[in-house]
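Novice: Everything below, folded, please.
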Amino acid sequence: MKWESALKDYRHYLWIERGLSENSIENYSLDIVQIIKFLKMKHIEVTPLSISEEIVQLFIYEVAKTHSARSQSRIISGLRGFFNFLIFEDYRQDNPLDLIESPKIGRKLPETISTAEIDKIIATIDLSKAEGERNRAIIETLYGCGLRVSELTSLKISDLYFEEGFIQVTGKGNKQRFVPISDYTQKFIEIYKAQRVHQNVEKDSSDTLFLNRRGKKLTRAMIFTIVKQLTQKAGIQKKISPHTFRHSFATHLLENGADLRAIQQMLGHESITTTEVYIHVDRSHLRKVMEEFHPRR
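Specialist: Here you go, the predicted structure:
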């Protein structure tokens, strides 16, 4: 079996069996593409079925020269998953990464911004421009609902249940969840929708909420560009991405006394341990809990 055909089968497995999104499949595939490029560069002729632990270790050493510990760990995890797939399909009997350890990495605390900084970013939006109302609605939705970028770009008009106070979000693995949406955020989406009516919209994007100037679905890259430009215009020196608004959403809820499991459900985290990182961001919340509930307070 050649690398290209093994990768094709693996991508098919990730899509059909695991139900991963296109973005996740691309990320997993990149790990396999990297080792294929390495083998070609070193003129090492092995197949996915014959590659040994020693050769994989050589690749990891090469990766370590240019990648951080976190990136190395992700690549090792991705390759381990690929070879586990080959074992599952009876192509291999062993995984060459079984004895290869990932580098030790600490948990990276998410960057957050204050409500004042969010207001400052929104204040820089020029509402006289065609994309002004759209960009304001985008920022308000990212922060107001704690969405991932892919969830925002995939949001449809038919996903908006404003009378009930919810939106339906399609998250990782095409899993759907309902997220509460405030009247405040609804207001800015409605303003944008009223403006959107006058835009020429591509047939395939008629139900997509946020559109580019050509009437098509916005890309992830465009959302990053919008956030970057607004942040620079606001004069904020922090490194802010669309995900920063999601982190801030969770942190601010926790600061105001929200239950961690409720935040987990709204963020769409499968495991509560993923959500627990926000406890480390807001240590003052732990102090409040101690003062309010401890019998020796």
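Novice: contacting residues for the residue minimising distance to the centre of the chain?
Specialist: Geometric centre of the chain, nearest residue: Arg148, 5.0 Å, by CA atoms, centre = their mean. Counting by CB atoms under 8 Å, 6 or more residues apart in numbering, Arg148 makes contact with 171-172, 243, 246, 268. Any C-beta I mention is one placed from the backbone N, CA and C, and that applies to glycine too.
Novice: any idea how far it is from Ile240?
Specialist: 15 Å (CB to CB, to the nearest Å).
Novice: How about Gln34?
Specialist: From Gln34 across to Ile240, the span is 29 Å (CB to CB).
Novice: ok, now Leu79?
Specialist: Leu79 is 32 Å from Ile240, by CB to CB.
Novice: for His252, same thing?
Specialist: 15 Å.
Novice: The two: who's more crowded?
Specialist: Between His252 and Ile240, counting by other CB atoms under 10 Å, Ile240 is the more crowded of the two (22 against 19).
Novice: Leaving aside the residues adjacent along the chain, what's closest to that one?
Specialist: Using CB to CB, 6 or more residues apart in numbering and skipping the chain neighbours, the partner closest in space to Ile240 is Thr231 (4.6 Å).
Novice: likewise Ser154?
Specialist: Spatial nearest neighbour of Ser154, excluding adjacent residues (CB to CB, 6+ apart): Thr170 at 5.5 Å.
Novice: got a list of what that neighbour touches?
Specialist: 151, 154, 159, 176.
Novice: Show me what the helix or strand containing Lys187 is packed up against.
Specialist: Taking DSSP states H and E as the definition, Lys187 sits inside helix 183-196. Using 3 or more CB pairs under 8 Å, 6 or more residues apart in numbering; DSSP states H and E as the contact test, the elements touching helix 183-196 are helix 132-145.
Novice: Now the helix it packs on: buried residues?
Specialist: Neighbour-count burial for helix 132-145 flags 133-145 (criterion: 16 or more other CB atoms under 10 Å).
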